[in-house]
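**Q** below are the sequence and a predicted model for it; my questions follow.
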Amino acid sequence: MSADNWSNCPNCLKKRKLKKQTHEGLLQQFYGKVSAEEYLEMSRNPKHPKFKNAVPVFEEDTYEEGSLREDYCQGVDDDGVYSVEYHCSCGNCGFQWSYKHTVDDVTSAVQVGERKTGRR
């Protein structure tokens with residue numbers, strides 16, 4: 001079965017942003033204290049030896065665009081029950097989220113034959 005949509009995983013993006021902020025924060029500690037060439041090298045390499053004692057240890061960036069699979073459906077069944085279902089999961093980090101909501105007998109909300117819209 002194919003997915004309804006592929007999107008970017010908010011959890012992966014959040015982790016990537018935190019990792020980048022951490023790297024930039026560590027890098028700022030060395031501004032003006034190392035040569036311009038070494039600073040540039042450190043900006044390109046989060047695993048630079050000077051970061052070893054500065055904590056944290058950096059992991060490889062495993063971010064992948066379009067790793068969030070989204071599946072969803074909505075509709076009214078033969079009994080007049082409206083339902084909406086949504087599920088997403090990331091093949092990269094394992095993040096998952098689901099939502100399901102039903103409204104029983106939507107036909108009782110409006111008299112048969114009466115048209116109810118948001119317009120006047």
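**A** That came through fine. Numbering: from 1, shown residues only.
**Q** the nearest residue to Thr107 once chain neighbours are set aside and His101, how far apart?
**A** Closest residue in space to Thr107, ignoring its immediate chain neighbours: Gly80 at 4.2 Å, by C-beta to C-beta, 6 or more residues apart in numbering. For glycine as for every other residue, the C-beta is placed from the backbone atoms N, C-alpha and C. Separation of Gly80 from His101 (C-beta to C-beta, to the nearest Å) stands at 15 Å.
**Q** those two: which is more packed in?
**A** Remark: of Gly80 and His101, Gly80 carries more neighbours, 13 against 10, as counted by other C-beta atoms under 10 Å.
**Q** before we move on, back to that, wait, the residue nearest to Thr107 touches Thr102, no?
**A** No - contact criterion C-beta atoms under 8 Å: Gly80 and Thr102 do not qualify, at 10.9 Å.
**Q** need the pLDDT of Arg44.
**A** On the pLDDT scale, Arg44 is placed at 89.
**Q** report pLDDT for Asn92.
**A** 89.
**Q** what about it, neighbour count?
**A** The number of residues near Asn92, taken as other C-beta under 10 Å, comes to 16.
**Q** what's the distance between it and Cys12?
**A** Distance from Asn92 to Cys12, by C-beta to C-beta: 6 Å.
**Q** list the residue ranges of this structure that fall below the pLDDT cut-off.
**A** 1-2, 53-63, 109-120 (pLDDT under 70).
**Q** look through it and tell me its longest helix.
**A** Counting residues, the longest helix in the chain under DSSP state H turns out to be helix 10-28.
**Q** dump the C-alpha coordinates for the helix or strand following that helix into CSV.
**A** Per DSSP states H and E, the first helix or strand lying C-terminal to helix 10-28 is helix 36-44. The C-alpha coordinates for helix 36-44 follow below in CSV (Å, rounded to 0.1, in the frame of the first residue of the first chain):
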residue,chain,number,x,y,z
ALA,A,36,40.9,32.0,11.2
GLU,A,37,41.8,28.8,9.3
GLU,A,38,41.3,26.6,12.3
TYR,A,39,38.0,28.3,13.1
LEU,A,40,36.8,27.7,9.5
GLU,A,41,37.8,24.1,9.8
MET,A,42,36.0,23.7,13.1
SER,A,43,32.9,25.3,11.6
ARG,A,44,32.8,22.5,8.9
